[in-house]
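> Give the three-dimensional model of this entry:
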Amino acid sequence: MIAWAVLAALLSAACYAFGAAVQQGVAARADEAVAGAGLVWHLTTRPGWIAGMGAMIAGACLHVVALSWGPLPLIQPLGVASLLFALPLGTAFNGRPIHAWHKIGAGLVAAGLIALLAILRAGPGHPTLSTAGTVELVATTSAAVAGCLGIARNAGRYRPVALATAAGICFGATSALVRVVGNQILNSGPGALVSWPTAAIVVFAPLGFVIVQYAYRAGHLSVVLATVTVVDPLAGVVFAALLLGDAVHAGPLGTAAAVLAALAIAAGVVALTRPEVAPAVQHARPSTPPNSSETATFGRPPRRMSQIIDGDPDVRGLMSPGSSRRASRLLTGDRQGDSRAG
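I've put the predicted structure just below:
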């Protein structure tokens with residue numbers, strides 16, 4: 001069953017990456033005059049964008065299946081694989097080569113994931129939550145999120161990190177709850193959807209989605225993506241180990257190796273979400289003052305992609321962390337660099 005859970009998780013990551021690639025291609029060709037809610041409506045009339053959304057829905061369903069079959073500490077980190085799938089898909093869709101730091105990041109993520117799969121051994125686990133356990137999870141998550149939001153108010157340049165951390169905690173809690181509900185459905189049927197864990201999912205999933213939008217607006221997209229990608233599985237693993245008994249066993253040496261593998265994955269995520277701005281471009285015209293359009297776009301996605309990043313519905317955000325947005329970041333980075341260079 002664990003092998004099938006891992007396969008479902010990897011297929012889920014591939015679906016998210018493919019959906020992001022298709023939707024990004026359609027969004028990039030959207031009319032510049034279309035903005036705001038009109039842009040979302042415009043995209044929903046395009047067959048390619050709808051196909052991408054279908055792939056993301058399939059990815060969400062596969063993620064739920066994976067969490068129902070396998071322990072969260074093993075399954076949740078596999079969502080990072082969507083970044084790996086996004087690299088070749090981005091090359092196929094936009095025809096641009098993969099940058100050196102993306103290759104390094106992909107190697108670190110791949111090596112870290114392989115190491116985790118080889119090291120970690122899942123315990124029995126009992127993914128159920130009593131009413132008291134659900135209250136404890138909700139209270140812990142709410143306190144952690146409130147703390148991060150309080151820090152964000154006076155965090156200055158670290159505000160995006162604080163907001164992204166809050167969103168990652170919401171997504172991690174959502175994944176733990178999905179693990180519980182999925183297991184209940186397998187054992188008791190669809191009637192298990194009517195439960196307190198389901199109600200908590202309805203709260204934390206949209207809350208994380210909203211908070212991450214504020215994080216995107218507060219700072220650089222790559223910082224937000226890296227923070228959410230690291231915090232989400234970490235929070236999910238903590239919740240699963242403390243409240244669900246979803247622990248993994250590796251022994252002292254194995255635990256140390258797993259920590260190193262996790263650090264390699266985190267470093268790889270940072271490299272994969274690095275802005276694609278060459279130093280030569282940054283200093284190409286030092287004596288020429290930037291015009292208003294250059295100032296408005298420097299360090300941010302192009303206007304068209306900023307709208308779609310902040311405005312389009314994120315299916316993954318309702319089930320687990322916004323992997324589709326992570327994949328979209330890799331696919332749109334080259335266009336971001338072109339916008340700055342221009």
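> Look up phi and psi at residue 46.
Dihedral angles of residue 46 (phi, psi; degrees, to the nearest 10) stand at phi -100, psi 120.
> That one reaches residue 26, doesn't it?
Yes - applying C-beta atoms under 8 Å as the test, residue 46 and residue 26 come out as touching, 5.0 Å apart. C-beta: built from backbone N, CA, C; applies to glycine.
> correct me, but residue 211 touches residue 167?
Yes - because the distance of 4.3 Å satisfies C-beta under 8 Å, residue 211 is recorded as touching residue 167.
> neighbour count winner among those two?
Of the pair residue 211 and residue 167, residue 167 is the one with more neighbours under other C-beta atoms under 10 Å, namely 30 against 25.
> got the buried residues for the helix or strand where the more buried one lies?
When elements are defined using DSSP states H and E, residue 167 is found to belong to helix 159-188. Residues of helix 159-188 classed as buried: 159-185 (neighbour count, 16 or more other C-beta atoms under 10 Å).
> Which elements pack onto that helix?
helix 47-69, helix 72-75, helix 131-153, helix 196-218, helix 221-239, helix 315-319 (3 or more C-beta pairs under 8 Å, 6 or more residues apart in numbering; DSSP states H and E).
> where does this structure have low pLDDT?
Along the chain, the model assigns pLDDT under 70 to residues 24, 27-40, 42, 94-96, 121-126, 220-222, 246-250, 275-342.
> Count the residues that sit near residue 267.
Counted with other C-beta under 10 Å, the burial measure for residue 267 works out to 17 neighbours.
> any idea how far the closest residue to it other than its chain neighbours is from residue 227?
Computed as C-beta to C-beta, 6 or more residues apart in numbering, the closest residue to residue 267 that is not its neighbour in sequence is residue 108, at 5.4 Å. Separation of residue 108 from residue 227 (C-beta to C-beta, to the nearest Å) stands at 17 Å.
> do residue 167 as well
Between residue 167 and residue 227 the distance is 8 Å, computed by C-beta to C-beta.
> Now the common contact residues for those two.
Overlap of the contact sets of residue 167 and residue 227 (by C-beta atoms under 8 Å, 6 or more residues apart in numbering) consists of residue 215.
> Of all the helices and strands packed on helix 159-188, which one is nearest residue 267?
Relative to residue 267, the nearest member of these by C-beta to C-beta is helix 221-239, separated by 9.8 Å.
> quick one: contacts for the nearest residue to residue 68 once chain neighbours are set aside?
Excluding its sequence neighbours, the residue lying closest to residue 68 (C-beta to C-beta, 6+ apart) is residue 182, at 3.2 Å. Contacts of residue 182 were listed using C-beta under 8 Å, 6+ apart, and they are 64-65, 67-68, 127.
> Residue 102: neighbouring residues, count only.
Around residue 102 sit 24 other residues, with neighbours defined as other C-beta under 10 Å.
> scratch that, residue 77 is what I was asking about
Applying other C-beta under 10 Å, we find 26 other residues in the vicinity of residue 77.
> who touches the residue nearest to it when sequence neighbours are not counted in this structure?
Nearest in space to residue 77, with sequence neighbours left out and distances taken as C-beta to C-beta, 6+ apart, is residue 233 at 4.7 Å. When contacts are counted by C-beta under 8 Å, 6+ apart, residue 233 is found next to 76-77, 79-80, 172, 321.
> Which two among these are spaced furthest apart?
Greatest spatial distance among these (C-beta to C-beta): 80 and 172, at 13.4 Å.
> okay but the residue nearest to residue 267 is in contact with residue 265, surely?
Yes - contact between residue 108 and residue 265 holds when scored by C-beta under 8 Å: they sit 6.9 Å apart.
> Counting neighbours, go ahead and name the busier of those two.
Summary of the neighbour comparison: residue 108 and residue 265, criterion other C-beta under 10 Å, with residue 265 having more neighbours (25 against 21).
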